[in-house]
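**Q** Give me a model of this one.
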Amino acid sequence: MHAHSYNDKELFQLISEGDENAFRQLFHQYVPELQPLARHITKTDAVADDIIQETFLRLWISRDKLPTIENPRSWLLKIVFHQSFSYLRRQAVHDKAMNKLEEEQELFTPETNLAYTTMVKLIGEAVTQLPPQAKRIYLLSREKGMKIPEIAAALSLSPNTVKNSLVRSLQTIRKHLEQAGHLLPFLLLWLLEL
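**A** Now for the predicted structure:
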């Protein structure tokens, strides 16, 4: 492992140069965030595991392209998101999956990427408007993937204070998105849940 803590762009650059330690660091950093997303969509642990492996295999095979990725986290989320829904499409013979696909049909239109990017931008705008402590707590939760007890320990706060702050922040972000008229129901549900 690297002694230095690299940011995502630096990790992508190192991985593009074939640095396996950087690859392992990115993997361990993002699996705790990406795996629940894949599991949440597919409802199947084994499938979620496969999707995570496929995502990081794709990242390693295409590593020469990594320096051109401006937002690594968003790029990784998008791959897992699309892979998970591709799995649901393949399972469309099952009534439940078929119904889900009909409800979420708009997610497979050519506008999906633009809508996703716009929503990420709107969330970013809302986060910048949060009070300093609330912003710190939110970023530790979403960017670093820290759990409530970990954040509480790191900031010398009670877990209840951290949870209440996150709830208020998520409500603020949700309101900001609603005012912008930008709601992707399924993805929004995942992004804004504790």
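
**Q** Skipping adjacent residues, who's closest to Val31 in space?
**A** Nearest residue to Val31 in three dimensions, chain neighbours excluded: Ile52, at 6.0 Å (CB to CB, 6 or more residues apart in numbering). Where you see a C-beta, it was placed from the backbone N, CA and C, and this is true even at glycine.

**Q** helix/strand/coil for that neighbour?
**A** Assigned with DSSP: H, G, I helix; E, B strand; the rest coil, Ile52 falls in the helix class.

**Q** Pull the contacting residues for it.
**A** Shown in contact with Ile52 (CB atoms under 8 Å, 6 or more residues apart in numbering): 31, 34-35, 38, 80.

**Q** Neighbour count, distance to Leu140 and secondary structure added to the residues you listed, as TSV?
**A** Output for these, formatted as TSV (neighbours: other CB atoms under 10 Å; distance: CB to CB, whole Å; DSSP: H, G, I helix; E, B strand; the rest coil):
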residue	neighbour count	distance to Leu140	secondary structure
Val31	16	18	helix
Leu34	24	18	helix
Gln35	16	19	helix
Ala38	24	23	helix
Val80	21	21	helix
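
**Q** With pLDDT and distance to Gln91 as new columns, can these be given to me in a markdown table?
**A** Below are those laid out as a markdown table (pLDDT from 0 to 100; distance: CB to CB, whole Å):
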| residue | pLDDT | distance to Gln91 |
| --- | --- | --- |
| Val31 | 90 | 23 |
| Leu34 | 90 | 20 |
| Gln35 | 88 | 19 |
| Ala38 | 88 | 14 |
| Val80 | 90 | 17 |
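
**Q** What are the buried residues along the host helix or strand of Arg24?
**A** For Arg24, the host element (DSSP states H and E) is helix 20-42. For helix 20-42, burial by neighbour count (16 or more other CB atoms under 10 Å) applies to 22-23, 25-27, 29-31, 33-35, 37-39, 41-42.

**Q** which other residues reach it?
**A** By CB under 8 Å, 6+ apart, helix 20-42 touches 1-2, 6, 8, 11-12, 14-15, 45, 47-49, 51-52, 55-56, 59-60, 72-73, 76-77, 80-81, 83-85, 87-88, 145, 186, 190.

**Q** Now, of those residues, which are buried?
**A** By 16+ other CB under 10 Å, those give 6, 8, 11-12, 14-15, 47-48, 51-52, 55-56, 59, 72-73, 76-77, 80-81, 83-85, 87-88, 186 as buried.

**Q** what's the distance between Leu26 and Ser62?
**A** 14 Å (CB to CB, to the nearest Å).

**Q** With Asn7 instead?
**A** Taken as CB to CB, the span from Asn7 to Ser62 is 20 Å.

**Q** Are there helices or strands packed against the helix or strand containing Phe81, and which ones?
**A** Assigned by DSSP H and E, Phe81 belongs to helix 72-90. For helix 72-90, the packing partners by 3 or more CB pairs under 8 Å, 6 or more residues apart in numbering; DSSP states H and E come out as helix 8-16, helix 20-42, helix 45-61, helix 95-103, helix 112-128.

**Q** what is the orientation angle of the second one with helix 8-16?
**A** What it means is helix 20-42. Interaxial angle of helix 20-42 relative to helix 8-16 (axes from the mean of the first three to the mean of the last three CA atoms, to 10 degrees): 110 degrees.
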